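Student: sequence? don't have it. structure:
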């Protein structure tokens, strides 16, 4: 009888030890699951962030943020186009300076090398740079209502043509290789009727 009681106590001790061991294993498994879950969230956030950056850089949209316009580029391939830009203010052609977008340490995606009115656009991949981006690089104003400090009003207008055709996109126009872009600030000429012209002539 005593032997049976002793065996029962030993079995109980073994059961308690087994229960403690299983609880410890369950604790480790729970901790491991929590760690896996946390790392899963971290990786998901990093993945979404990376995807967002990729979508931003590959979006190809115009009026780009300053950080892209401030990127330093080299003549190492990729996108390289040359639109031409002429600016006319009250009949006078304005000079576009050399080395816009170029410093002693950096050549930016949109720049000029001389005063020939040729714009150089270079970037590691295709991107839709717009006319407004050039003026940002130049630190000048341009929109459908303004060129430099000149504003459209009742007597003056801002107009733009691309390859000889009127264009209403102005600063949002995506520049293409070989484009001839002309921006003009001019006085509005009121058309006279035939009767008014005749009266004036008399």
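Tutor: On my side now, so go ahead. Note that the structure is a prediction, hence the values are computed from the model and not measured. Residues are numbered from 1 along each chain as shown.
Student: Assign residue 41 to helix, strand or coil.
Tutor: helix (DSSP: H, G, I helix; E, B strand; the rest coil).
Student: What residues of stretch 178-193 count as buried?
Tutor: Residues of stretch 178-193 classed as buried by neighbour count (16 or more other CB atoms under 10 Å): 179, 181-185. (C-beta placed from N, C-alpha, C; glycine too.)
Student: so residue 166 makes contact with residue 157?
Tutor: No: look at residue 166 against residue 157 with CB atoms under 8 Å: they stay out of range, at 11.8 Å.
Student: between the two, who's got more neighbours?
Tutor: When residue 166 and residue 157 are compared for neighbours, residue 157 comes out ahead with 15 against 8, by other CB atoms under 10 Å.
Student: what is the more buried one paired to in the beta sheet?
Tutor: Counting by DSSP bridges, residue 157 is bridged to residue 186.
Student: ok, it - contacts?
Tutor: By CB atoms under 8 Å, 6 or more residues apart in numbering, residue 157 lies in contact with 185-186, 188.
Student: now do residue 115
Tutor: Residue 115 touches 95-98, counting by CB under 8 Å, 6+ apart.
Student: Mark out where each domain of the protein begins and ends.
Tutor: 1-58, 66-187 (automatic domain parsing).
Student: lowest-confidence stretch among those?
Tutor: When the domains of the chain are compared by mean pLDDT, domain 1-58 comes last with a mean of 64.
Student: Point out the most buried one among the domains of the chain.
Tutor: Among the domains of the chain, the stretch with the highest mean neighbour count (mean count of other CB atoms under 10 Å) is domain 66-187, at a mean of 15.
Student: Given whichever helix or strand residue 122 is part of, what are its sheet partners and their directions?
Tutor: Element membership of residue 122 [criterion: DSSP states H and E] is strand 120-123. Partners of strand 120-123 in the sheet, by DSSP bridges, are strand 79-81 (antiparallel), strand 110-111 (antiparallel).
Student: Could I get the full set of strands for the chain?
Tutor: For the chain, the strands defined by DSSP state E cover 79-81, 84-89, 92-93, 110-111, 120-123, 142-143, 146-147, 150-151, 156-162, 165-166, 180-187.
Student: where do the helices sit along the protein?
Tutor: For the chain, applying DSSP state H gives helices covering 2-58, 66-69, 131-138, 194-201.
Student: Isn't residue 98 up against residue 118?
Tutor: No: in this structure, residue 98 is not within contact of residue 118 by CB under 8 Å, at 10.5 Å.
Student: what's the overlap in contacts for these two?
Tutor: Joint contacts of residue 98 and residue 118 (CB under 8 Å, 6+ apart) are residue 112.
Student: Compute the distance between the nearest residue to residue 173 once chain neighbours are set aside and residue 84, please.
Tutor: Computed as CB to CB, 6 or more residues apart in numbering, the closest residue to residue 173 that is not its neighbour in sequence is residue 131, at 4.9 Å. Computed as CB to CB, to the nearest Å, the residue 131 to residue 84 distance reads 12 Å.
Student: shared neighbours of the two, anything?
Tutor: Common contacts of residue 131 and residue 84 (CB under 8 Å, 6+ apart): residue 181.
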